[in-house]
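A.B. asks: How does the following fold in three dimensions:
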Amino acid sequence: MNSLISELKTEDKLEYQFFPLPGPTLKFQVKANNDAHIAFTQALGEGEPMYEVFIGGWNNSKSAIRKNKQKPDVATVETPGILTEAGHKGFWITVRGGTIFVGYDGESSSFLSYQDPEPFPVHYYGVCTGWGATGEWFIEGKCLVHYYGVCTGWGAAGEWFIEGIGVGMGLFYLVSIFFNSSYSLDFFLFFLFLLAFVAHKILRLLV
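C.D. replies: From the prediction side, this is the model:
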């Protein structure tokens, strides 16, 4: 795994923590005894439509893909001992055009896949653990945008100056949403550099 790696801990709660999807492929490492769950959604938060990938479910014996929390699962595979509390295991998940591939870090082939006949675009992902397991995650590109809310009321109006919104990351998020999350952060940084270079040349011509 390379740059922009963030650490995250999940409790034994089966409550997803959601983030903008940084690209079509999500790369991560997780340390858990069982049940590392990853959700992919169109809107921020849990709800239909959504895909769920279960790694090390059923007492760390199987992995599966589920759509809209409905059973039976759309894809399952036997994966005994796939997770361990002794150390982090690396995985990648690619979601593109309704096709989901799940593979081991360092391997190009997938061990679990599903082709959705009724696909939908995904813009967010969430992670959680449960069924007696907590998790420690290293996720590539997790912290791109943070969400928070502010308001006033009861007869009061407000003016806000908020530090640290992160214009660049916000622009990347908007670009990724517009292009259905198909561009990586590296592409966006290159695009931003190219835009700054062109603007510099134009300013030199005008001066």
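A.B. asks: which one is residue 51 nearest to, not counting chain neighbours?
C.D. replies: residue 40 (4.5 Å; CB to CB, 6 or more residues apart in numbering). From N, CA and C alone the C-beta is placed, and that goes for glycine too.
A.B. asks: would you list every one of the helices in the chain?
C.D. replies: Ranges of helices within the chain are 57-60, 167-178, 185-206, based on DSSP state H.
A.B. asks: and the ones you listed, which one is worst for confidence?
C.D. replies: Among the helices of the chain, helix 167-178 carries the lowest mean pLDDT, at a mean of 50.
A.B. asks: quick one on the thing from earlier: return the set of residues that bridge with the residue nearest to residue 51.
C.D. replies: Residue 40 forms beta bridges with residue 51, residue 125, as assigned by DSSP bridges.
A.B. asks: Next, count neighbours for it.
C.D. replies: For residue 40, the count of nearby residues is 23 (other CB atoms under 10 Å).
A.B. asks: you'd agree it is up against residue 50?
C.D. replies: Yes. Assessed by CB atoms under 8 Å, residue 40 is found in contact with residue 50 at 6.5 Å.
A.B. asks: Residue 118: what's it in contact with?
C.D. replies: With contact taken as CB atoms under 8 Å, 6 or more residues apart in numbering, residue 118 is in contact with residue 98.
A.B. asks: what phi and what psi does the backbone show at it?
C.D. replies: phi -130, psi 70 (degrees, to the nearest 10).
A.B. asks: That one and residue 17, how far apart?
C.D. replies: 27 Å (CB to CB, to the nearest Å).
A.B. asks: And for residue 27?
C.D. replies: Here the distance between residue 27 and residue 17 works out to 17 Å (CB to CB).
A.B. asks: Around the nearest residue to residue 50 once chain neighbours are set aside, count how many other residues there are.
C.D. replies: Distances taken as CB to CB, 6+ apart place residue 41 nearest to residue 50, at 4.5 Å, with adjacent residues excluded. If you count neighbours by other CB under 10 Å, residue 41 ends up with 22.
A.B. asks: show me the residues around residue 41 that make contact.
C.D. replies: 18, 47, 49, 50, 51, 122, 123, 124, 125, 126.
A.B. asks: Over to residue 62?
C.D. replies: 54, 76, 77, 78, 79.
A.B. asks: partner residues bridging it?
C.D. replies: With DSSP bridges as the rule, residue 62 is bridged to residue 57, residue 78.
A.B. asks: How about residue 31?
C.D. replies: With DSSP bridges as the rule, residue 31 is bridged to residue 136.
A.B. asks: right, and it touches residue 89 too?
C.D. replies: Yes. Between residue 31 and residue 89 there is a contact under CB under 8 Å: 7.3 Å.
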